[in-house]
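*Asks:* next comes the sequence, and after it the predicted model I'd like to discuss.
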Amino acid sequence: MKRDPDSGGEGRGSVVPTISQVAKVSGFSRATVSRAFSRPEMLTEETVRHVKEVADRLGYVPNQVARALSTGRHGNVALIVTDVANPFFPPLIRAAQLRADQAGLCVFLGNSDEDPAREELLVGRFIGQVEGLVLASSRLDEAHIRRYATRRPLVLINRDIEGITRVLIDTAPGVAAAIAHLAELGHRHIAYVSGPTTSWSNQQRRNAVRREAEKRGLKVIAVPARPPSYDTGRLAAVQIIASGVTAAIAFDDLVAQGLLAGLAALDVEVPKSFSVVGCDDVLGETTYPPLTTVSARCADAGDVAVGLLLSQMSGGMSGEIRHKLNSHLVIRASTGPAPVKRRSR
């Protein structure tokens, strides 16, 4: 039996099943069988299920390389994140993979380690093998991103560039609520433990802290934690305590967790003597004490971003789509009343 160029793998038996056989047994055309594997979103769930059941029974496995050569479709998309070890990203990655799996696509995952040069290298390696790109918290400059967007469908997460489809987690309302919460507890002097200067999320959170603090007459200082990590948060504790502030809002939960450890090493009790707020709500229940934090809906961001990418790949709308996800404050046990300063006699 002749080998079909769109077939791959070893069949069950001495011959390799072909797409034509699957079409004949399933009662559908070759084009429909091909779409069941490459563009399942164009067919009904019942059709896709029937075709794949027949294919499985016959032992047919699509040859992705052959399909890419004949159709230009690779069956892959790329997702590049800035720090795969940061707890913010695993829920986002998982949701993105699930959405891609449902569309019959594989996800190539890249980790840039907060380095724009490495991110550019990853995009260059992936772009010839994928049908679309999702860049999460990209550190690339705008010119590079715009150039890549002309070559492949592209969606940004937490990077706001006009004319490019993006998903933005709007943590400003949650951060403003955190400042209001601390003010209500009597805190008048607060630190913002900041993230990367090029991060869109950091800029939004820092501005929200400043606006709300100014509105309430609070004093705010900025203490850097770069790159944002457990260790930089822990090391920031000495500078924060020396500044005289009574509370801190961290760029993310990982930095907040490090800060809690640094404060414990200095024998500073939380929340009795100091209050800590995180951002992203990916560690809140696991810290000691449980962390008050801003919920950032990272899983929703991954799901929505891949959904928008699939729409572009299918010829749908692209460009000026700016999808915002709201946030809210989750109050736990790491915040309490500002410590009362005793007057000396």
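*Replies:* Cool, the structure landed.

*Asks:* use CA for all of it now, contacts and neighbours both
*Replies:* Fine.

*Asks:* mind listing what the nearest residue to Gly244 once chain neighbours are set aside touches?
*Replies:* The shortest distance from Gly244 to any non-neighbouring residue, by CA to CA, 6 or more residues apart in numbering, is to His189 (7.6 Å). Taking CA atoms under 8 Å, 6 or more residues apart in numbering, we find His189 in contact with Leu218, Lys219, Val220, Gly244, Val245, Thr246, Ala247.

*Asks:* again, only using 10 Å
*Replies:* Contact analysis of His189 by CA atoms under 10 Å, 6 or more residues apart in numbering lists 182-183, 213, 217-221, 243-248, 338.

*Asks:* ok, His323 next?
*Replies:* Going by CA under 10 Å, 6+ apart, His323 touches Ile157, Thr165, Arg166, Val167, Leu168, Ile169, Asp170, Ala301, Val304, Ala305, Leu308.

*Asks:* now, which of those residues sits nearest Tyr60?
*Replies:* Nearest to Tyr60 among the contacts of His323: Leu308, at 30.6 Å, using CA to CA.

*Asks:* you'd agree the closest one is up against Ser318?
*Replies:* Yes. The criterion here is CA atoms under 10 Å, and Leu308 meets it with Ser318 at 8.2 Å.

*Asks:* out of those two, which sits in the more crowded spot?
*Replies:* Leu308 (23 against 18; other CA atoms under 10 Å).

*Asks:* how about the one helix or strand the more buried one maps to: buried residues?
*Replies:* Assigned by DSSP states H and E, Leu308 belongs to helix 298-313. By 16 or more other CA atoms under 10 Å, the buried positions in helix 298-313 come out as 298-310, 312-313.

*Asks:* let me see the ranges of the helices in the stretch 151-300 of the chain.
*Replies:* Taking DSSP state H, counting those that start in this stretch as the test, the helices found in the stretch 151-300 of the chain are 172-184, 200-216, 230-243, 253-265, 298-313.

*Asks:* out of those helices, the one nearest Ile161 is which?
*Replies:* Closest to Ile161 of the helices of the stretch 151-300 of the chain is helix 200-216 (CA to CA; 10.2 Å).

*Asks:* between helix 172-184 and that closest one, find me the angle.
*Replies:* Using axes from the mean of the first three to the mean of the last three CA atoms, to 10 degrees, the direction of helix 200-216 lies 40 degrees away from that of helix 172-184.

*Asks:* many thanks, I have nothing further to ask.
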